[in-house]
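Peer 1: let's see this in three dimensions:
(chains A and B)
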Amino acid sequence: MAVLTEEQEMLRDMARDWASNESPVTEFRKVRASGDPKAYDEGAYGKMADMGWTGVIVPEEHGGSDFGWLSAGLVVEELGKTLTASPLVATTVAASAIILGGSDEQKAKYLPRLASGEMVATLAVDEGPRHAPETIETSVSGGKLSGTKAFVHEAHGADLFVVAAKDGLYLVEKGEGVSLSTRKMTDQRSHAEVTFEGAGADKLEGGGDGLLEDVLDRARILTAAEMLGMAQAVFDTTLDYLKQRVQFNQVLATFQALQHRMADLFGDLAMMRSAVEGGLQALDSGFGVARAASIAKAEANRVLHTMSREGIQLHGGIGMTDEYDVGFYLKRARILENAWGSTSYLRDRFARIGGY
Amino acid sequence: MATQAEIDTQSEEAAFREEVKQFLAENFPPELKGKSNALASVEGPTNENDAQAKWRKAMGSRGWGTPTWPKEYGGGGLSRKQARILNEEMAKVGAFNPIGGMGVMMFGPTLLEYGSEEQKKEHIPPICRGEIRWCQGYSEPNAGSDLANLQTMAEDKGDHYLVNGQKTWTSGGQWADKCFCLVRTDRSDKHKGISFLLIDMDTPGVEVRPIQMISGMSPFCETFFTDVKVPKENLVGEEGQGWTIGKRLLQHERTNLSGGGAMARLMGASMSDIAKKHLEVGEDGELADKVMRDRIADFEIRWNSFLLTARRATEESKAAGGVSDIASVLKKLGTKLGQERAEMLIEIMGYQALGWEGEGFSDAELAGTRGWLFGKATTIYGGSTEIQNNIIAKRVLGMLDHQ
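Peer 2: Numbers count the residues shown, from 1 in each chain, chains lettered A, B, ... in the order given. From the prediction side, this is the model:
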C-alpha cells in the first residue's frame, strides 16, 4: 500500500467499513436477484454520493473534493473487494473526459450533477467485442450523432454518454435518438449495445488530439483499481479457506504444495498493487501516464486472471457452486480483462510507446 | 510562504550540498569517473590502484561510504535527506561509493543492533573506512536450506572457544579478513544451541579452498576450521542467541540481493534496446518478430512492476521503520526475473551470447555469458526460492506446519 496522507487513510477506512458492513457480496446477490437492468442499488449509489465518492476527482468549484486519482482508486479498490455494483467507475471516467475536454459551460452544466450523484454517465467507445479505438465508424453530421456502440458498461443507468466519434468525443444525453439493446453478461452487471440515430451531440472541443487516449488511460487505470480489490479479495478468501478446511486429518494450509502456490500468488499480488498504484500516481503527477496505464492494466489483467482461476481450484468443488462467492469474481474478472484493452493489446501498446 | 523553520532547513541543505560539491572537487579522482571499485564487491581481490585508494580513504575519513551510520563509530551521521544529497552530487560527477561489501550490507547493521559497545568500537570504524573485508560463515555441507542443522562446534574452553568444523559457499572467503559465523555451542537444542561468533581469517587452523563454479568463476570457498582458538569477547549477543541474530542479518541480505536499484544498474540496457540491435526491425520501427516483441513487452511490463514494488517497499518500510518480511517477496521476484532476462537475451542474441573466451566476442558479451551462468546461483543463495516461499507462507501469510 502506497504511503497515504491522513485524508486518504480516512477515505479508505470509510470505504472499507462501508463496503464490508453495508455492501458485502450478499448485496450484490440481491441486485442480481432483482433483475433490474440497471443492475445496481440506487439507494446505495446515493449513499456513495453523500460520502463524496462521486466527486473525488472533480474540482472543488464544480462540487467535487479534488482529492485526486490515488484517492479515487482507494475507494474503487474497496468496492471491488465486495463486488459492489455501481456506475461509480463509469461516471468518474466520464467526468474526467469533461474535466479534460469540456468548455466552461459544459463543465458547469454537467460536473456538479455528476459529483452529486444526481446524474450517471458512461463511456461509449468500442463498436465490436474487442477494444479497438482506432476503428471508430460513429460520425456526426449537423450536430447529430449516429453509430452503434457495443457492450457499453452501465448503459442502463446512464443519463449521459461520452461517445467516441471519428472526429472526437461528444456528450450525448439519454433520450431521443438513443436506444439500448441489453446484453446479459457473466458478471450480471449492466451492459448494452447502444444505438445512436441522429442523437443531439455536444462536442468536447478541448483536450487536444489525444483526448480519447487520455480518457481511455483513466478508464484503464481506474478499472485496474477495481480489479486490484477483486484480486485481493479472492486471495484473502482463499487463504482463509485453506486455513480452515481439513483433509487427510490436516488443515490444508499446512501443505507445502499449497503454501508455495499462495506465496506465488502473494508475489503476483504485490506486483499488481505496485503497478496499479503507479498508474494512479502517474495520473496525479501527470507524468508518463500512457506507459503507466499500460503497465497497470496489463498487470491487473495478468494477475487477476491467474488469481481468479487459482481461487476456484484451491476452493475445490465448492468453488464451482453459486452458493460460494469466488465464482462471481471469475465472471467479473473476464469482463474487466476485456475492458479498454486485453493483455495482448496492452503489451502491443506498451511496446509502441517504448519504440519497438 | 515558507516558515522560518523551513527556510532554516533549506539553507542548511544548500550549505551541505555546497560542502559535498567542494569535497568531490577536491577528492574524487577524475580518472575514476563512471567506474566502480572492486572493494565494493566480493568477486575480486583487493588490487586497488592509487586513485582508488585515495578515493576510498577520502570517503572513509568522512564516514560518507556509510552515510547514515552513527558518527561515533565512524559513520557519516547524516540524515536521510543529506544522504540523498550526497548521492545526487556523486551521480552528477560520475562518482561511486568505494565502500561496500558484506560488512556494509549485512554485518555492520546487525552488529549496530546486537553488538556490545566494545565490539561496535572495534569493528564498525574499519568497515566505514573500507579497510576490512568480512565474509559469511553460515552454510555447511549438510546445512544449506536447513541452515539450523549446522554442526560446526564451538567448545567453551574457559577463556576462549575452540572451533572445529566446515563451512561452505563462503563468498569471497579467500579475500576476507574476518568472518561472521554461526556456530553450535549446544548440541541439545537445534535453534537455541546456535551462537554468533566473529573469527579472524588468519587465526591458525582456518583454511579456505575456492570452489570453481559453472560460470568459470570462483567467488565461493569451502572454509575449514581445525582447533581454531577464538577469544570469548568475539561472541555477539548471548550464547544461544545466534539464530535470532543470524536471521536478522539475513533480512538485510535479502533486501540487498533483491535490490531493485542495484539490480537495475547491473542489468544495464533495456531488453528492447538490445533486441533492436540484434533482431530485424521493420520500417515502422517495430520488431519484425511479433512473437518475440510480445514476449519482450510482457517481460518489461513485469520488470517495471517489480521495480515499482521495490520502490514501494522502500517507501513503506521507511514510513513504518526497519526492514520487513516483504524482503522475501522481493528476493524471490527479483532473482527469478533476472534469470528470465538472461535466458531471453540468449534467444535474442543467439550464439553470440554463448561465448566462453577469446576472439569473436566483445567483453560485454563474454561478461553476459558468465552472468547468465552465475545468475543461476541467485535463486539458491541467500535462502533459495523455496525457502523464501516457506517464509512468505508461514511468517507473512500465517500458514502453519503440520500439527
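
Peer 1: just the pLDDT for the closest residue in space to B:Lys190 that isn't next to it in sequence.
Peer 2: Of all residues not flanking B:Lys190 in the chain, B:Ala148 sits nearest, at 5.3 Å (Cβ to Cβ, 6 or more residues apart in numbering or on different chains). For the C-beta atoms, the positions are set from N, CA and C on the backbone; glycine is no exception. B:Ala148 is assigned a predicted lDDT (pLDDT) of 93.

Peer 1: just the helices in chain B please.
Peer 2: Along chain B, the stretches classed as helices by DSSP state H are B:4-27, B:50-62, B:80-92, B:102, B:108-114, B:117-128, B:242-258, B:260-267, B:271-278, B:290-320, B:326-349, B:363-374, B:385-391.

Peer 1: tell me the most buried of the ones you listed?
Peer 2: Neighbour counts (mean count of other Cβ atoms under 10 Å in any protein chain shown) averaged over each of the helices of chain B peak at helix B:102, with a mean of 24.

Peer 1: between the helices of chain B, which gets the lowest average pLDDT?
Peer 2: helix B:260-267 (a mean of 46).

Peer 1: what does the closest residue to chain A within the stretch 51-200 of chain B show for phi and psi?
Peer 2: Nearest to chain A in the stretch 51-200 of chain B, going by Cβ to the nearest Cβ, is B:Ser145, at a distance of 12.6 Å. Main-chain torsions, B:Ser145, degrees, to the nearest 10: phi -60, psi -30.

Peer 1: pLDDT score for it?
Peer 2: pLDDT at B:Ser145 comes out at 82.

Peer 1: circling back: so which of the helices of chain B comes closest to A:Glu176?
Peer 2: helix B:290-320 (44.5 Å; Cβ to Cβ).

Peer 1: still on that earlier bit, reformat the helices of chain B as JSON lines; add distance to chain A.
Peer 2: Listed next are the helices of chain B as JSON lines, based on distance: least, Cβ to the nearest Cβ, whole Å:
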{"stretch": "helix B:4-27", "distance to chain A": "19"}
{"stretch": "helix B:50-62", "distance to chain A": "31"}
{"stretch": "helix B:80-92", "distance to chain A": "14"}
{"stretch": "helix B:102", "distance to chain A": "26"}
{"stretch": "helix B:108-114", "distance to chain A": "22"}
{"stretch": "helix B:117-128", "distance to chain A": "30"}
{"stretch": "helix B:242-258", "distance to chain A": "11"}
{"stretch": "helix B:260-267", "distance to chain A": "10"}
{"stretch": "helix B:271-278", "distance to chain A": "4"}
{"stretch": "helix B:290-320", "distance to chain A": "4"}
{"stretch": "helix B:326-349", "distance to chain A": "5"}
{"stretch": "helix B:363-374", "distance to chain A": "20"}
{"stretch": "helix B:385-391", "distance to chain A": "4"}
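
Peer 1: and those helices as CSV, adding distance to A:Gly200?
Peer 2: Converted to CSV, these look like this (distance: least, Cβ to Cβ, whole Å):
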stretch, distance to A:Gly200
helix B:4-27, 54
helix B:50-62, 71
helix B:80-92, 56
helix B:102, 72
helix B:108-114, 68
helix B:117-128, 74
helix B:242-258, 57
helix B:260-267, 52
helix B:271-278, 46
helix B:290-320, 41
helix B:326-349, 52
helix B:363-374, 62
helix B:385-391, 59
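
Peer 1: the helices in the stretch 1-150 of chain A, which residues?
Peer 2: A:6-22, A:25-34, A:42-50, A:69-81, A:88-101, A:104-116 (DSSP state H, counting those that start in this stretch).

Peer 1: all strands in chain A, in order from the N-terminus.
Peer 2: Listed in chain order, the strands of chain A (DSSP state E) span A:121-124, A:139-141, A:144-153, A:160-165, A:168-173, A:178-182, A:191-200, A:202-203, A:246-247, A:250-251.

Peer 1: show residues contacting the third one.
Peer 2: Contacts of strand A:144-153 from elsewhere in the structure, counted by Cβ atoms under 8 Å, 6 or more residues apart in numbering or on different chains, are A:89-90, A:122-129, A:136-140, A:158, A:161, A:163, A:165, A:170, A:172, A:177, A:183, A:185, A:189-201, A:339.

Peer 1: out of those, which are buried?
Peer 2: Buried members of those, scored by 16 or more other Cβ atoms under 10 Å in any protein chain shown, are A:89-90, A:122-127, A:136, A:138, A:140, A:158, A:161, A:163, A:165, A:170, A:172, A:177, A:185, A:189-194, A:196, A:199-201, A:339.
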